[in-house]
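Undergrad: only geometry, no sequence info:
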């Protein structure tokens with residue numbers, strides 16, 4: 001049966017998917033199990049997804065792909081303003097200074113958390129670009145359109161009530177474990193707890209007698225193969241530490257617990273923490289057959305995930321480029337190229353049609369119609385394309401100038417903010433002049449000791465925007481006062 005959309009959960013050892021057709025939700029139990037191998041996570045995930053599509057035999061449809069939260073990196077960056085446009089322009093500059101790898105190697109999305117004082121935080125979600133490209137390539141081969149790539153913590157938070165108070169979302173499953181600080185279905189902080197194998201675990205994944213479930217408990221509720229109660233205990237400690245750090249308090253109503261291993265965890269309102277327990281006899285965590293991961297929770301209301309804005313690691317431009325590799329037929333190819341070039345603002349392309357002159361004439365007519373919409377006064381389609389190209393170049397120049405000015409303006413504000421903190425910390429230093437020139441920044445002032453001027457130089461060297469810059473200090477004593485001058489080469 002044809003399905004309107006798919007939701008697919010990706011894990012290196014297991015891929016699960018559900019199809020949505022109208023009001024029906026149909027689980028696809030064609031899952032793929034693979035053994036984890038250190039150092040080949042992306043390749044492992046690629047093979048698992050490839051095997052899943054071969055077994056599922058799904059027709060071409062849009063899909064939401066849900067990554068493990070453990071596969072996503074999180075960064076929080078503070079800004080002295082809350083304007084979304086300014087944050088968007090300055091975010092790449094800030095990420096360059098906090099990431100160990102080049103920003104070009106990552107794809108990211110973010111949400112802005114405004115504060116009452118006019119400042120804001122940006123919670124940034126990052127995924128290696130190579131991982132996303134592998135996923136897009138496999139989907140393109142099977143004609144699945146991944147119009148959004150999100151992750152499990154974000155997906156589960158979308159299913160919470162809009163009126164739910166600020167609290168914590170805890171997911172404990174066989175695929176992953178994480179805890180998130182959520183307010184109004186929006187994430188404020190996320191922590192993933194890796195499912196590592198303890199060093200003292202017995203061979204074959206057997207459960208130690210000391211941590212065995214209570215007598216009479218259903219054996220089907222034992223932890224997943226390879227997971228030990230000691231691991232669950234460590235996970236509960238990490239979750240409790242996260243809850244204490246973010247200061248929720250002791251409200252039992254503010255904790256939402258999900259996942260196949262949820263019966264092993266008990267929330268203690270008085271202590272404000274989780275403890276482990278043996279699951280009650282006869283209680284089935286999830287009646288859904290074949291779904292063991294996060295989709296067992298999303299299956300109840302996947303339309304919330306499909307309708308929400310969510311997170312999108314696959315930018316539209318990148319998705320188009322990936323899909324173009326699989327386009328068949330000159331008509332579809334030319335239409336896709338035309339739409340792509342109009343969106344990118346460039347119109348230098350050559351398409352060669354051989355053999356089908358009637359098709360070429362129809363395509364030329366379609367191109368001329370589209371060009372007339374954007375350049376109605378052009379004498380010909382070629383002239384219209386040239387006019388559109390000139391307009392695109394002008395817009396690009398204006399955009400570049402605006403971004404350069406915004407970056408320069410933001411750099412000045414950041415420098416002033418950091419300098420204010422330094423001079424507030426060292427009252428014996430005074431600042432009499434600050435020159436922000438094209439090739440250097442010069443600070444001049446007075447102090448009562450050479451050590452204070454040297455301390456200021458050291459603090460400047462530790463500022464992220466001055467990493468690798470040459471900083472020189474010159475001092476001159478006049479009585480009890482030392483006049484200093486610090487140059488920072490740009």
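TA: Yep, it's here. For clarity, every value in this text was computed on a predicted model and none was experimentally measured.
Undergrad: Secondary structure element for residue 238, which one?
TA: helix 229-245 (DSSP states H and E).
Undergrad: Pull out the buried residues from that helix.
TA: Across helix 229-245, burial judged by 16 or more other Cβ atoms under 10 Å covers 229-236, 238-240, 242-243. From N, CA and C alone the C-beta is placed, and that goes for glycine too.
Undergrad: and residue 311, how far is that from residue 79?
TA: For residue 311, the distance to residue 79 equals 20 Å [Cβ to Cβ, to the nearest Å].
Undergrad: Give me the distance between residue 390 and residue 374.
TA: 12 Å.
Undergrad: mean confidence for the helix or strand hosting residue 396?
TA: According to DSSP H and E, residue 396 maps onto helix 381-425. The pLDDT scores in helix 381-425 average 72.
Undergrad: now stretch 21-30
TA: Stretch 21-30 shows an average pLDDT of 54 in the prediction.
Undergrad: Could you find the closest non-adjacent residue to residue 454?
TA: Distances taken as Cβ to Cβ, 6 or more residues apart in numbering place residue 473 nearest to residue 454, at 6.9 Å, with adjacent residues excluded.
Undergrad: any idea how far the one you found lies from residue 488?
TA: As judged by Cβ to Cβ, residue 473 and residue 488 stand 10 Å apart.
Undergrad: Of these two, which one has the most company?
TA: Neighbours per residue, other Cβ atoms under 10 Å: of residue 473 and residue 488, the larger number sits with residue 488, 20 against 15.
Undergrad: and the closest residue to the more buried one other than its chain neighbours, how many neighbours?
TA: Closest residue in space to residue 488, ignoring its immediate chain neighbours: residue 441 at 4.3 Å, by Cβ to Cβ, 6+ apart. Under the neighbour criterion other Cβ under 10 Å, residue 441 is assigned a count of 22.
Undergrad: what comes into contact with the helix or strand harbouring residue 441?
TA: Assessed by DSSP H and E, residue 441 sits inside strand 440-447. Strand 440-447 is contacted from outside by 415, 419, 428-435, 453, 456, 481-490, using Cβ atoms under 8 Å, 6 or more residues apart in numbering.
Undergrad: That strand - which strands sit beside it in the sheet, and in what orientation?
TA: Using DSSP bridges, strand 440-447 pairs in its sheet with strand 430-436 (antiparallel), strand 481-489 (antiparallel).
Undergrad: what's across from residue 443 in the sheet?
TA: With DSSP bridges applied, residue 443 shows beta-bridge pairing to residue 434, residue 486.
Undergrad: what's the model's confidence in stretch 244-255, averaged?
TA: 65.
Undergrad: Check the separation of the first and last residues in it.
TA: Using Cα to Cα, to the nearest Å, the end-to-end distance of stretch 244-255 comes to 13 Å.
Undergrad: go on, stretch 78-91?
TA: End-to-end for stretch 78-91, by Cα to Cα: 10 Å.
Undergrad: for stretch 103-119, same thing?
TA: Span of stretch 103-119 from end to end, Cα to Cα: 24 Å.
Undergrad: That one: which residues count as buried?
TA: Residues of stretch 103-119 classed as buried by neighbour count (16+ other Cβ under 10 Å): 103, 106, 107, 108, 109, 110, 113.
Undergrad: Show residues contacting it.
TA: Under Cβ under 8 Å, 6+ apart, the answer for stretch 103-119 is 73, 78-82, 84, 87, 91-92, 95-96, 99, 120-130, 132, 186-188, 311-315, 318.
Undergrad: Out of those residues, which sit inside strands?
TA: Mapping the contacts of stretch 103-119 onto strands (DSSP state E) picks out 73, 78-79, 120-128, 186-188.
Undergrad: Looking at pLDDT only, which of those scores worst?
TA: On pLDDT alone, residue 186 ranks lowest of the ones in strands among the contacts of stretch 103-119, at 85.
Undergrad: In contact with it: list those residues for me.
TA: Neighbouring residues of residue 186 by Cβ under 8 Å, 6+ apart: 111, 113, 157.
Undergrad: Just give me the closest of these to residue 45.
TA: Nearest to residue 45 among these, counting by Cβ to Cβ, is residue 157 at 23.0 Å.
Undergrad: Am I right that residue 116 falls within a helix?
TA: No - counting by DSSP: H, G, I helix; E, B strand; the rest coil, residue 116 is not found in a helix; it is coil.
Undergrad: mind listing what residue 426 touches?
TA: Neighbour list for residue 426: 452, 455, 456 [criterion: Cβ under 8 Å, 6+ apart].
Undergrad: For the first one, identify the helix or strand it belongs to.
TA: Element membership of residue 452 [criterion: DSSP H and E] is helix 450-461.
Undergrad: mind listing what's buried in that helix?
TA: For helix 450-461, by 16+ other Cβ under 10 Å, it's 452, 453, 455, 456, 457, 459, 460.
Undergrad: show me what contacts the residue lying closest to the fourth one once chain neighbours are set aside?
TA: Distances taken as Cβ to Cβ, 6+ apart place residue 429 nearest to residue 456, at 6.0 Å, with adjacent residues excluded. Applying Cβ under 8 Å, 6+ apart to residue 429 gives the contacts 422, 423, 445, 447, 452, 453, 456.
Undergrad: Apply 10 Å and report the result again.
TA: Residues near residue 429 by Cβ atoms under 10 Å, 6 or more residues apart in numbering: 422-423, 443, 445-449, 452-453, 455-456, 484.
Undergrad: Same question for residue 458.
TA: residue 471 are the contacts of residue 458 under Cβ under 10 Å, 6+ apart.
Undergrad: how much space between it and residue 436?
TA: As judged by Cβ to Cβ, residue 458 and residue 436 stand 21 Å apart.
Undergrad: same thing with residue 463?
TA: From residue 463 to residue 436 the distance is 14 Å (Cβ to Cβ).
Undergrad: Just want to know which of the two has more residues nearby.
TA: Set residue 463 next to residue 436 and count neighbours by other Cβ under 10 Å: residue 463 wins out with 17 against 14.
Undergrad: Show me what residue 267 is bridged to.
TA: Here residue 267, judged by DSSP bridges, has bridge partners residue 274.
Undergrad: Can you show me the helices along the stretch 101-250 of the chain?
TA: 129-141, 152-157, 229-245 (DSSP state H, counting those that start in this stretch).
Undergrad: Serialize these to CSV and add fields for distance to residue 256.
TA: Listed next are the helices of the stretch 101-250 of the chain as CSV, based on distance: least, Cβ to Cβ, whole Å:
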stretch, distance to residue 256
helix 129-141, 28
helix 152-157, 9
helix 229-245, 12
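Undergrad: Just the element for residue 304, please.
TA: Using DSSP H and E, residue 304 falls within helix 302-307.
Undergrad: Residue 377 now?
TA: Using DSSP H and E, residue 377 falls outside every helix and strand.
Undergrad: pLDDT value on it, please?
TA: In this model, residue 377 is scored at 80, pLDDT.
Undergrad: right, and residue 480 touches residue 448 too?
TA: Yes - Residue 480 is within contact range of residue 448, at 6.6 Å (criterion: Cβ atoms under 10 Å).
Undergrad: okay, those two: which has more neighbours?
TA: Between residue 480 and residue 448, residue 448 has the larger neighbour count (other Cβ under 10 Å), namely 13 against 6.
Undergrad: ok, the nearest residue to that one once chain neighbours are set aside - contacts?
TA: Closest residue to residue 448 apart from its sequence neighbours, by Cβ to Cβ, 6+ apart: residue 428 at 5.5 Å. Going by Cβ under 10 Å, 6+ apart, residue 428 touches 446, 447, 448, 449, 451, 452, 453, 455.
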